[in-house]
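**Student:** pasted the sequence and its predicted model underneath.
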Amino acid sequence: MPGSSLRGVIRAFLFALDPTPAQVQAFRSHCGAQRFAFNFGLALVRANLDQRAAERSYGIAEPDLTPAVSWSAYGLRRTWNAAKHQVAPWWAENSKEAYSSGLANLAAALSNWSSSRSGTRAGPRVAFPRFKRRRSRPSCRFTTGAFGLAADRRHVRLPRIGAVRTHESTRKLARKIETGQARIRSATLSWQRGRWHVSFSVELLDREPVRRGGGRVVGVDLGISTLATLSTGERVRNGQRLERELARLRRAQRRASRRRGPDRRTGQEPSNRWRKARARADRIHTRVANLRRNDIHQLTTRLVLDHDVIVIEDLYVVGMLRNRHLARHIAGAAWAEIRRQLSYKAQRAGIRLVVADRWFASSKTCSGCGTANPSWPCPSGRSCARRADWSWIGTSTPRGTWPRSRPTPASCAGSSPTEPVSDQRGPPRWQSDRCGKGPAGLNVTAARRWLDERNRMSRLSNGRFTCARAGP
């Protein structure tokens, strides 16, 4: 707000619901109504586009073509109101907001596709909208009508459905509404993580965060075996939630595969035993997701509370996921979610979040002398040639002092990553190996390159790998 320390922000408050069987049926009916309206509008637009394209191929002039259908939410809603009595005689069973939200989603999807095709929309190219299937995640949005919180702070109100009990108290949002600090704009009903949820879009009058001026700086290097390595020397263990539940998940999925499942080709309905087996596997997925989300929230909250400046790297997670050997482990670490939470939590807390350049070789730059060494630890002296973890090296140097490249020290001139070094205690060893341990850093491409080099040297030397450090 101008002239004050308050600002208007939009935040979401998510509550898990505990509905009755009748309310669950009403939920599914409203979500199905939204999907039906979306598919109705999409079929209408698609048929109109195909008709106009066919007429152009016949050589018909542009003014003589079939009139185009309006893609706006208002135009699609007018078309739906004129045809709903014929295409959906049961439309009165659900709230009108269910149909309006489906048409509004279609209008937004068509607008994004048109803007992307014309080049006015930034980002990846957006494809033409597709029809929603019954297996799509059910959701429905309410923007008008009687929706909000109940007076007892344990129920929420939805149009045409009534009061629905929540699993937890709604006092956090209720207190803000009672004091006039918040206003509910819309409510979105959805099925996610094995439960029905309602998300309220709330406009808040939030105070501007006070910028912290302290010097508590921390660098965070994300990894797989170690989820996060901090520049303070602390290592945050990776919970590996999926790996721990993988055996149970495989048994549950094999049990479901032996049941009679649905078949869209023949119209076969799934058996009750298949539904129970599928629900058992879904509960394992939900448990893994909840535990992983809890671990990440605890980590990011602690980093924001204990530091004034946080430095992270810009990771190319999409490219890393193309490695089929590490894709499941990278996805299980949820690096993108960690960065997302750090971004909004740092903004709310008034601290600075620095994102290092993606192409900067932080894990290959010695934190002791600043030497840019591409593939082996810097042997220039005992101080910087420690048995260092590449993750610790990448976080222990402030970003402002990170060098792009420096000349190799004189003591490193005779070193070579492929020269065998004689060892009285065993077979030849290679300076490219670091005590036989792979890099725990976040640069998976470099890690795979290091591993390939190690395997190649192993075949040549036909011996074990030990650590070679220079210096006295």
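**Tutor:** Structure's in. What do you need?
**Student:** so who does residue 200 touch?
**Tutor:** Neighbour list for residue 200: 12, 13, 15, 148, 173, 184, 185, 186, 187 [criterion: CB atoms under 8 Å, 6 or more residues apart in numbering]. Yep, even glycine has a C-beta here, placed from its N, CA and C like the rest.
**Student:** how would you label it: helix, strand or coil?
**Tutor:** Assigned by DSSP: H, G, I helix; E, B strand; the rest coil, the conformation of residue 200 is strand.
**Student:** look up how far residue 293 lies from the nearest residue to it once chain neighbours are set aside.
**Tutor:** In space, and not counting its chain neighbours, residue 200 is closest to residue 13: 4.7 Å by CB to CB, 6 or more residues apart in numbering. Separation of residue 13 from residue 293 (CB to CB, to the nearest Å): 17 Å.
**Student:** these two: which has the busier surroundings?
**Tutor:** residue 13 (18 against 15; other CB atoms under 10 Å).
**Student:** quick check: that one is in a strand.
**Tutor:** Yes: counting by three-state DSSP, residue 13 is part of a strand.
**Student:** right, and it touches residue 171 too?
**Tutor:** No: Residue 13 lies out of contact with residue 171 (CB atoms under 8 Å); the separation is 11.1 Å.
**Student:** for the spatially most central residue of the chain, which non-adjacent residue is spatially closest?
**Tutor:** With distances taken as CA atoms, centre = their mean, the residue of the chain nearest its centroid is residue 337 (4.9 Å). Distances taken as CB to CB, 6+ apart place residue 296 nearest to residue 337, at 5.6 Å, with adjacent residues excluded.
**Student:** the one you found: what's it in contact with?
**Tutor:** So residue 296 contacts 334, 337, 338, 341 (CB under 8 Å, 6+ apart).
**Student:** so which of those residues wins on neighbours?
**Tutor:** Ranking the contacts of residue 296 using other CB under 10 Å puts residue 338 first, with 22 neighbours.
**Student:** tell me where the longest helix sits in this protein.
**Tutor:** Scanning the chain for the longest helix, with DSSP state H as the assignment, gives helix 21-57.
**Student:** tell me the buried residues in it?
**Tutor:** Of all the residues in helix 21-57, those buried under the rule 16 or more other CB atoms under 10 Å are 23, 26-27, 29-42, 44-45, 48, 52.
**Student:** I'd like to know which elements that helix is packed against.
**Tutor:** Other elements packing on helix 21-57 under the criterion 3 or more CB pairs under 8 Å, 6 or more residues apart in numbering; DSSP states H and E are helix 73-87, helix 96-118, strand 139-142, strand 182-192.
**Student:** which SSE is the residue nearest to residue 337 in?
**Tutor:** Using DSSP states H and E, residue 296 maps to helix 272-306.
**Student:** list the buried residues in that helix.
**Tutor:** 274, 277-278, 280-281, 284-285, 287-289, 292, 295-296, 299-300, 303-304.
**Student:** what is the subsequent helix or strand relative to it?
**Tutor:** Counting by DSSP H and E, the next helix or strand C-terminal to helix 272-306 is strand 309-313.
**Student:** check which element follows that next one along the chain.
**Tutor:** Following strand 309-313 toward the C-terminus (DSSP H and E): helix 317-320.
**Student:** quick check: what element follows that next one along the chain?
**Tutor:** Counting by DSSP H and E, what follows helix 317-320 is helix 327-333.
**Student:** and the contacts of the first helix or strand past that following helix going along the chain?
**Tutor:** Sequence-wise, the next helix or strand downstream of helix 327-333 (DSSP H and E) is helix 335-349. By CB under 8 Å, 6+ apart, the surrounding residues in contact with helix 335-349 are 209, 212, 222, 228, 293, 296-297, 299-301, 303-305, 310, 312, 315, 317, 352-353, 355, 442.
**Student:** ok, back up a step: could you give the angle of the longest helix of the chain to strand 182-192?
**Tutor:** Here helix 21-57 runs at an angle of 90 degrees relative to strand 182-192 (axes from the mean of the first three to the mean of the last three CA atoms, to 10 degrees).
**Student:** so helix 21-57 versus helix 96-118, what angle?
**Tutor:** Going by the same axes, to 10 degrees, helix 21-57 makes 40 degrees with helix 96-118.
**Student:** residue contacts, residue 141?
**Tutor:** 34, 97, 101, 104, 186, 187, 188, 189 are the contacts of residue 141 under CB under 8 Å, 6+ apart.
**Student:** how about it, nearest residue that isn't a chain neighbour?
**Tutor:** residue 101 (4.0 Å).
**Student:** thanks again, I'm all set now.
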